[in-house]
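Student: Need the 3D shape of this:
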Amino acid sequence: MLLSGCAKQIAFRSLPLAGRGKANVRIELTYNRNDILNVRLSEIPDPSTINSQFTRYVLWVATPDRQYITNVGQLRVDERGRADMVTLTPMRRFILFITAEPHGEVRTPGPDLLFETEEIFW
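Tutor: Numbering: from 1, shown residues only. From the prediction side, this is the model:
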C-alpha cells in the first residue's frame with residue numbers, strides 16, 4: 001500500500017562510461033516508510049564492453065557522505081540495451097550510483113562508475 005503523492009522521478013547523471021546510456025529511478029514512499037526504488041536503464045552497453053570480466057551493473061545506495069554504502073541489487077542488460085530492477089531502502093537521505101562489476105554479489109563498489117544521483121531526501 002502506497003501513500004498517494006509520495007513519489008519522485010529522478011534522472012541519474014550519466015558519466016563517460018555510460019556512453020549514450022540513460023538511467024532514472026522512480027522512488028515511492030511506502031506506508032512503512034521504506035522507499036521503493038524502481039530503476040530503469042536504457043541504451044546501455046553490455047558490461048563486458050567496459051571490461052571483459054564485467055557481467056553485471058550494480059545499484060548502490062549510500063549516505064550522502066558515502067560513509068555507509070550497500071549493494072541493493074544487480075542489473076542485467078538485455079539484448080536491447082535495457083535493464084530494470086525494483087528494490088527497497090529504509091534511508092531518508094541518500095544517493096544512488098551504478099557501477100560495472102564482475103558479479104552481482106560484490107560488497108564494495110569498484111571504480112567503474114556509470115551513473116549517479118544528487119542527494120535524495122524526503
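
Student: what residue lies at the spatial centre of this protein?
Tutor: Against the mean C-alpha coordinate of the chain, by Cα atoms, centre = their mean, the closest residue is L59 at 3.5 Å.

Student: mind checking which helix or strand that one is in?
Tutor: Using DSSP states H and E, L59 sits within strand 56-62.

Student: The nearest residue to Y68 once chain neighbours are set aside and N71, how far apart?
Tutor: Take Y68 and drop its neighbours on the chain: the residue closest to it by Cβ to Cβ, 6 or more residues apart in numbering is A62, 6.3 Å away. Yep, even glycine has a C-beta here, placed from its N, CA and C like the rest. A62 sits 10 Å away from N71, going by Cβ to Cβ, to the nearest Å.

Student: quick one, what contacts the residue nearest to the centre of the chain?
Tutor: L59 sits next to L37, V39, N71, V72, G73, Q74, L75, M85, T87, L96, F97, I98 when contact means Cβ atoms under 8 Å, 6 or more residues apart in numbering.

Student: tally of neighbours for the fourth one?
Tutor: This points to V72. V72 has 18 neighbours, counted by other Cβ atoms under 10 Å.

Student: ok, now which ones touch it?
Tutor: L37, L59, W60, V61, T87, L88, T89.

Student: where does it fall, phi/psi-wise?
Tutor: Note on V72: its backbone torsions stand at phi -110, psi 0 [degrees, to the nearest 10].

Student: Tell me how far the residue nearest to it when sequence neighbours are not counted lies from A7.
Tutor: Closest residue to V72 apart from its sequence neighbours, by Cβ to Cβ, 6+ apart: T87 at 4.6 Å. Separation of T87 from A7 (Cβ to Cβ): 15 Å.

Student: Please identify which of these two sits among more neighbours.
Tutor: Higher neighbour count among T87 and A7: T87, with 17 against 14, using other Cβ under 10 Å.

Student: Run the chain-centre distance for the one helix or strand the more buried one maps to.
Tutor: Applying DSSP H and E as the criterion places T87 in strand 83-89. Computed by Cα atoms, centre = their mean, to the nearest Å, the chain-centroid distance of strand 83-89 equals 8 Å.

Student: If you count neighbours, what's buried in it?
Tutor: A83, M85, T87, T89 (16 or more other Cβ atoms under 10 Å).
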